[in-house]
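Student: Quick one, what's the 3D model for this:
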Amino acid sequence: MKFFKFTEKENYTELIFDNTKAANSFGQGPAEELLELLKQLPLKPVLWQSAGRAPKRNIFCAGGDLKAYKKLTTKKQGVAINRKILEALDALYMFKHQKIAYLDGDVYGGGLEVLSCFDKVVALPDVKIAFWQSKQNLSTGWGGFTRWSQKVDAALLKKLIKSTEIFSPQKAIEYGFVDKVVESVDEISFDGSHAPKQKLDYVKEVELFESLWWSKEHLSILNTLKI
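Tutor: You can find the predicted model right below:
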């Protein structure tokens with residue numbers, strides 16, 4: 001596999017996401033690979049973390065693959081990619097065992113939508129967290145708003161998405177995005193707690209996102225990004 005490596009441990013499966021060449025961005029390739037991987041994973045707790053250090057700072061996930069998006073020539077192409085990502089993240093959300101995200105690096109934009117798929121999020125104390133979708137004149141489009149709103153106040157979600165505020169894991173605990181701050185992965189315990197997930201309706205979220213995708217404002221921002 002190109003983007004994921006999984007190792008079966010005694011009481012959990014370690015899942016390492018590695019797209020450090022692209023700041024651990026999440027795109028069509030990782031989405032397709034994740035869909036296949038979820039069919040292979042043993043039914044036991046999963047620990048997701050990023051691989052090594054990306055350039056400058058460790059990045060858990062930087063959101064969408066902007067380099068790939070800049071190469072697209074039609075709105076239809078982008079819509080198809082983002083729907084595939086939504087499909088993969090929904091499958092991860094519905095996985096029938098405990099899923100823990102070890103936030104060992106910064107997480108931005110769509111990375112928070114990836115994070116919304118987990119039952120539990122633990123973070124290192126110095127990581128940075130922010131919704132950056134509105135910096136590109138976008139809303140969430142991978143199901144993140146719908147999933148997070150199951151446990152985070154919807155008004156707070158809207159405020160954070162609009163403001164692009166960068167917040168600490170300590171603040172994220174207060175907001176409801178992080179469950180615990182740790183100093184190392186060794187502090188993580190697996191209690192197997194997992195509430196069965198109900199299938200969610202993403203229609204309104206996707207409709208809003210797709211109405212903004214490829215708009216004049218979005219393209220103007222995307223095309224001027226120096227990547």
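
Student: three-state assignment of the residue nearest the centre of the chain?
Tutor: In the chain, the centroid-proximal residue (CA atoms, centre = their mean) is residue 114; its distance is 1.8 Å. Residue 114 carries the three-state label helix when classified by DSSP: H, G, I helix; E, B strand; the rest coil.

Student: Only the buried residues of the one helix or strand residue 220 maps to, if you could.
Tutor: Assigned by DSSP states H and E, residue 220 falls within helix 216-224. Under the neighbour-count criterion of 16 or more other CB atoms under 10 Å, helix 216-224 has 218, 222 buried. The way it works is simple: take the backbone N, C-alpha and C, and place the C-beta from them, glycine included.

Student: cool, stretch 23-40 as well?
Tutor: 23-35, 37.

Student: Then stretch 77-86?
Tutor: 78, 79, 81, 82, 83, 84, 85, 86.

Student: now do stretch 183-198
Tutor: Neighbour counts over stretch 183-198 (16+ other CB under 10 Å) mark 188, 190 as buried.

Student: That one spans what distance, first to last residue?
Tutor: 33 Å (CA to CA, to the nearest Å).

Student: try stretch 205-222
Tutor: Taking CA to CA, the first and last residues of stretch 205-222 lie 21 Å apart.

Student: Tell me which residues touch residue 96, please.
Tutor: Residue 96 sits next to 43, 194, 196 when contact means CB atoms under 8 Å, 6 or more residues apart in numbering.

Student: Quick check: closest non-adjacent residue to residue 91.
Tutor: Residue nearest to residue 91 in three dimensions, not counting chain neighbours: residue 38, with 5.3 Å by CB to CB, 6 or more residues apart in numbering.

Student: Isn't that neighbour up against residue 95?
Tutor: Yes: with contact defined as CB atoms under 8 Å, residue 38 and residue 95 form a contacting pair (6.1 Å).

Student: coming back round to it: ok, and what's touching the helix holding residue 220?
Tutor: Contacts for helix 216-224 (CB under 8 Å, 6+ apart): 66, 69, 70, 135, 136, 137, 138, 212.

Student: Stretch 121-129: how far from the chain's middle?
Tutor: Relative to the centre of its chain, stretch 121-129 is centred 14 Å away, using CA atoms, centre = their mean, to the nearest Å.

Student: Against which helices or strands is the helix ranked longest in the chain packed?
Tutor: Counting by DSSP state H, the longest helix found in the chain is helix 75-93. Helices and strands touching helix 75-93, by 3 or more CB pairs under 8 Å, 6 or more residues apart in numbering; DSSP states H and E, are helix 28-38, helix 66-70, helix 110-115, helix 203-212.

Student: Looks to me like residue 48 is in a strand.
Tutor: Yes: under three-state DSSP, residue 48 falls within a strand.

Student: I'd say it and residue 104 touch.
Tutor: No: taking contacts as CB under 8 Å, residue 48 lies outside contact range of residue 104: 10.0 Å.
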